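> structure for the following, please:
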Amino acid sequence: MLTAELGLTQHDSLTAAQQAASEAASACGGRSFTCVVFQQGGRLMLTTAFSNAFLVKHVVAEPAAKGGNPRMATNRPMDSTHVRAISKYLVENERNYILPPLTLNVRSVPAIHVPRGNFATTVGFVVIGDETRFSVTDGQHRLAAISKASESLNGPDSMFMSESVSVVIVVEPDLARIHQDFADAAQTKQIPASLLAAFNTREPLNRVLTKIVDGSRLFHGRIDETSKSLSKNSPAIFLLNQVRGMVKELLFRDYALSESSIPARSNQVIGSTYKQDAFVERTLSMMDILTKHMAPWSVISELPTSGGPANQVVDFRRHYINMTATGLVIIGHVAYEIEKNQDPEWRIDRYVDLATKVDWRREAEIWRGNIISGDKISTTRSPGRLAAKRVMSAIGLPSVDVADGAIPGIDPLVGAGI
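Okay, the predicted model is just below:
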């Protein structure tokens, strides 16, 4: 229960607590904040919201120097790249952003006024003077990004500095325990790439990705959008992130393009709604042709998405290259070259060739010496590029040599006259 021994001042009513806090704030030139007061792990904690302006002024980060002794500082070394990324996100999405709560530390108990009672949790009022300083237990990069973003979002029409972030305040004077709090707060599980792609539709690449999955007769209802890996017995044909690799090949000719580069490239290639719709339409047209003519996709598209017959997918995955992430990347790579041609009839013929003239079975000779080594399929770039060249040769398409990792000058939508 919350008691006076925790440094709280108790009053007979909530109104009396509020009035006492207001008077204390006036006397010290500080401010009174409404907060929720509770205990966690035997310690006193508060939760409230601070404006961005207040955070910049009253919350300090003490990052350790790289190569130095982190035990002598409150926070880990600052990652300037991470700060720039968050700041860029805030500036570009001033009217539509979200920041998770910060966990702050204060080493001495400020004045806290609460109503009297045997409460486990209660509303209270904390008095914070100008001299009060909070340190960051979790969120130093968010704090630094707020400060950096404020340099750009300082115009007369900007509300950024008056907007607020939720904070949890831990009353803890022991530096070792503060370090332990940081380690404990870091016990989070990384979001699977497929789930992140499904949720983060702010990125144009992910917006077209979900439309392609929903609009494709093959993909719809057969894509695992939440898992990190696909189990051997899963009736799903691909992870969403694997389909995303094919889409990256179609857009950029590079499935391994770094995530930090994707926003700029996406805006360049499919930045407008018109370009996104055109890309989705062309990709779905490609998928319809391949699904109609290519084994085993043509069979799978006629199967239910669940139940006994859907389990045929497990066998297909063992025997066909085009049922693997590597196969999707090869298809995307070849399709990028096909899409450069403006003749729709020519493109249709090439996709029919891609579906019928290429032997997509694992044991086919076309995959030997490139992606197939023993019983395993290579997932690296160079073998995949060699396999794609063989596929292009098989369908009479000249291959274009581009250095690994390079971005060619012709975008698929531009080359196609869209």
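> just the buried residues of stretch 336-355, please?
336, 337, 338, 339, 340, 347, 350, 351, 352, 353, 354, 355 (16 or more other C-beta atoms under 10 Å). C-beta coordinates here come from the backbone N, C-alpha and C atoms, glycine included.
> identify the residues contacting the closest residue to residue 173 other than its chain neighbours.
The spatially closest residue to residue 173, leaving aside those adjacent along the chain, is residue 107, at 4.2 Å (C-beta to C-beta, 6 or more residues apart in numbering). By C-beta atoms under 8 Å, 6 or more residues apart in numbering, the residues touching residue 107 are 135, 171, 172, 173.
> that's a helix at the first one, yeah?
Pointing back at residue 135 there. No - assigned with DSSP: H, G, I helix; E, B strand; the rest coil, residue 135 falls outside any helix and is strand.
> isn't it up against residue 58?
No - the pair residue 135 / residue 58 is not scored as a contact, 10.5 Å apart, by C-beta atoms under 8 Å.
> looking at the two now, which is surrounded by more residues?
Comparing residue 135 with residue 58 by neighbour count (other C-beta atoms under 10 Å), the higher total belongs to residue 135, at 20 against 17.
> give me the distance between the more buried one and residue 106.
For residue 135, the distance to residue 106 equals 8 Å [C-beta to C-beta, to the nearest Å].
> which residues of the stretch 301-418 of the chain fall in helices?
Per DSSP state H, counting those that start in this stretch, the stretch 301-418 of the chain carries helices over the ranges 312-319, 325-338, 344-356, 381-394, 412-415.
> and of these, who's closest to residue 198?
In terms of C-beta to C-beta, the element of the helices of the stretch 301-418 of the chain nearest to residue 198 is helix 325-338, at 16.8 Å.
> what separates residue 152 from residue 25, distance-wise?
The value you get for residue 152 to residue 25, if C-beta to C-beta is used, is 32 Å.
> swap in residue 390?
Taken as C-beta to C-beta, the span from residue 390 to residue 25 is 75 Å.
> repeat that for residue 259.
Residue 259 is 46 Å from residue 25, by C-beta to C-beta.
> the two: who's more crowded?
More crowded of residue 259 and residue 25, by other C-beta under 10 Å: residue 25, with 19 against 11.
> look up the pLDDT of the more buried one for me, please.
As predicted, residue 25 sits at a pLDDT of 91.
> give the contact list for it.
When contacts are counted by C-beta under 8 Å, 6+ apart, residue 25 touches 31, 32, 127, 128.
> now it: closest residue in space that isn't a chain neighbour?
Using C-beta to C-beta, 6+ apart, the nearest residue to residue 25 is residue 32, at 4.3 Å.
> could I get stretch 41-56 in PDB with only the CA atoms?
Backbone C-alpha positions of stretch 41-56 (Å, rounded to 0.1, in the frame of the first residue of the first chain) are rendered in PDB as follows:
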ATOM      1  CA  GLY A  41       9.000  -4.100  -7.600                       C
ATOM      2  CA  GLY A  42       8.800  -2.500  -4.100                       C
ATOM      3  CA  ARG A  43       9.600   0.900  -5.500                       C
ATOM      4  CA  LEU A  44       7.600   4.100  -5.800                       C
ATOM      5  CA  MET A  45       6.700   5.000  -9.400                       C
ATOM      6  CA  LEU A  46       4.700   7.700 -11.100                       C
ATOM      7  CA  THR A  47       3.200   8.000 -14.600                       C
ATOM      8  CA  THR A  48       2.300  11.200 -16.300                       C
ATOM      9  CA  ALA A  49       2.900  13.100 -19.600                       C
ATOM     10  CA  PHE A  50       5.500  15.700 -20.300                       C
ATOM     11  CA  SER A  51       5.500  18.100 -23.200                       C
ATOM     12  CA  ASN A  52       8.300  17.800 -25.700                       C
ATOM     13  CA  ALA A  53       9.500  21.300 -24.500                       C
ATOM     14  CA  PHE A  54       9.500  20.100 -20.900                       C
ATOM     15  CA  LEU A  55      11.400  16.900 -21.800                       C
ATOM     16  CA  VAL A  56      14.100  18.900 -23.700                       C
END
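> got the contact list for residue 223?
213, 236, 237, 238, 239, 240, 243.
> quick one: the fourth one from residue 245, how far?
Right, the one you point to is residue 238. Applying C-beta to C-beta to residue 238 and residue 245 gives a distance of 9 Å.
> any shared contact partners between those two?
Common neighbours of residue 238 and residue 245 (C-beta under 8 Å, 6+ apart) are 325, 328.
> what does the residue nearest to residue 173 show for phi and psi?
Main-chain torsions, residue 107, degrees, to the nearest 10: phi -90, psi -20.
> how near is it to residue 281?
For residue 107, the distance to residue 281 - C-beta to C-beta - is 60 Å.
> one more: residue 287?
Distance from residue 287 to residue 281, by C-beta to C-beta: 11 Å.
> tell me the mean pLDDT over stretch 246-260?
92.
> buried sites along that stretch?
Residues of stretch 246-260 classed as buried: 246, 247, 248, 249, 250, 251, 252, 253, 254, 255, 257 (neighbour count, 16+ other C-beta under 10 Å).
> residue 48 touches residue 165, doesn't it?
No - with contact defined as C-beta under 8 Å, residue 48 does not reach residue 165; the gap is 10.3 Å.
> gap between residue 43 and residue 168?
From residue 43 to residue 168 the distance is 11 Å (C-beta to C-beta).
> so for the two, which residue has more residues nearby?
Under the criterion of other C-beta under 10 Å, the comparison of residue 43 against residue 168 puts residue 168 first, with 20 against 13.
> got the CA positions of the helix or strand containing the more buried one in CSV?
Assessed by DSSP states H and E, residue 168 sits inside strand 164-171. Presented in CSV, the C-alpha positions along strand 164-171 are these (Å, rounded to 0.1, in the frame of the first residue of the first chain):
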residue,chain,number,x,y,z
SER,A,164,3.5,15.4,-25.1
VAL,A,165,5.0,12.0,-24.4
SER,A,166,3.9,9.6,-21.7
VAL,A,167,6.5,8.9,-19.1
VAL,A,168,7.1,6.5,-16.3
ILE,A,169,9.2,7.9,-13.5
VAL,A,170,11.1,5.6,-11.2
VAL,A,171,12.4,7.0,-7.9
